[in-house]
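Colleague: After the sequence you'll find the predicted model.
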Amino acid sequence: MTTFATSDDCKVYREELRNRLPARIFDAHVHIRSDGDFPPDFQFPADSYHRRFDNGFTLARWREIMAELLPQQECFLNCFGTPHQAANRDVVPAVDNHHVFGMALLSPADSVDALQTRIEKNRLAGVKPYLNFAATHCNKAPNDVEIADMLTPAQLEYLNAAGLIITLHIPRARRFADPLNQRQMVELCRNYPRITFLFAHIGRAYYRQNILDANLEELADYPNAWFDTAMFNHQVVLANACERFPISRIVFGSDAPIAFLRGKSVEINNQYAYLMGEPYRIGTTLYDPQCTVTFSTFFYEQLRALLDVLSPEECENVLFNNAYKLFRNTTARYLS
């Protein structure tokens, strides 16, 4: 008996995924809700995807859903909270640094002492800054935020000395094709060589022209530049990234719980949009209210795309080995 997976999900898994996926899956990009990270009376808007999970998405719920969607795989994750202004950034997921790794949310308003305490106390692998925190701190409109606004030099110096990971969701309308973003991404990698910069969503290059205009070859020269594939089911973009950048530094990420919604992202005239089978809003959303299309989850669509682009050996590395090695090596500091 399942509580999340449908009969169609089970069919997709049985016919398309079960025999092609590696035995272990590492999801490097999961948002987890923990006790106390939001005020007791806090509510997300009615059309927020958080309502799909009754305003909560715990580690236990992640495990339940993964056990239904990937019943024969052993699943690992790196997780962090929800980057919302109402979130308490001192509350982080509980980690074991084997199956569960974690990161702290980070605002440029956070002192280095507070950041260090948050990381060391909870044995975290690094941090997840976000542009809305920077917009508030710098008094900028979200589209005007730069990467340089998202972390302070003092925070970067600490993270570099500690050899930690930053999962970075880059800002600005042109995302990976933006020359300012490209320059600042390179500057970060060059100036802070002991930080692993895990650029989320392949630099948010969700459509073909955006990845073609990206400086992947330049970033490939920096061994601390990495990418996760969160919310990607665009095979052309994935293939281009894997051709121009070392696959050994690309990791699978889903962006759960968003990835557990039913839908598919599509390219339309050098833009992208989310075709949704459920009435929730995530970016540019096109909703099918008549339910004329039977949707799988974004999670399955991402796996389908990766399996069609990568060889079996590459799949095993992207879907498990690369991330597990990175996160285990980073958190080995807590074993001494």
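Modeller: Structure's in. What do you need?
Colleague: Low-confidence stretches in the protein?
Modeller: Applying pLDDT under 70 to the chain flags residues 1-2, 55, 336.
Colleague: And the strands in it?
Modeller: 24-31, 74-80, 100-106, 126-129, 165-168, 196-199, 225-228, 250-251, 263-267, 272-276, 285-287 (DSSP state E).
Colleague: between the ones you listed, which one is nearest to Arg328?
Modeller: For these, proximity to Arg328 was assessed by Cβ to Cβ; strand 100-106 is nearest, at 8.3 Å. All C-beta atoms are positioned from the backbone trio N, CA, C, and that covers glycine.
Colleague: Pairing partners for that closest one, with directions?
Modeller: Paired neighbours of strand 100-106 in the sheet (DSSP bridges): strand 74-80 (parallel), strand 126-129 (parallel).
Colleague: Can you report how many residues neighbour the residue nearest to Asp8 when sequence neighbours are not counted?
Modeller: Nearest residue to Asp8, sequence neighbours excluded (Cβ to Cβ, 6 or more residues apart in numbering): Thr294, at 5.9 Å. Number of residues near Thr294 (other Cβ atoms under 10 Å) recorded here: 10.
Colleague: Met103 now?
Modeller: Met103: 29 neighbours (other Cβ under 10 Å).
Colleague: And Gly283, by the same measure?
Modeller: Using other Cβ under 10 Å, Gly283 has 11 neighbouring residues.
Colleague: contacting residues for it?
Modeller: Gly283 makes contacts with Ala273, Tyr274, as judged by Cβ atoms under 8 Å, 6 or more residues apart in numbering.
Colleague: what's the answer for Phe101, then?
Modeller: Taking Cβ under 8 Å, 6+ apart, we find Phe101 in contact with Phe76, Leu77, Asn78, Cys79, Val95, Leu124, Ala125, Phe327, Thr331.
Colleague: quick one: the last one and Arg123 touch, right?
Modeller: Yes. Counting by Cβ atoms under 8 Å, Thr331 does reach Arg123; the two are 6.6 Å apart.
Colleague: and for these two, which residues touch both?
Modeller: Going by Cβ under 8 Å, 6+ apart, residues that sit against Thr331 and also against Arg123 are Asn97.
Colleague: hey, which of the strands paired with strand 100-106 is tucked in deepest?
Modeller: Of the strands paired with strand 100-106, the one with the most neighbours on average (mean count of other Cβ atoms under 10 Å) is strand 126-129, at a mean of 26.
Colleague: Quick one: the helices in the stretch 101-250 of the chain, in order.
Modeller: In the stretch 101-250 of the chain, the helices defined using DSSP state H, counting those that start in this stretch lie at 112-122, 131-138, 147-150, 153-162, 179-191, 201-204, 208-212, 216-220, 235-244.
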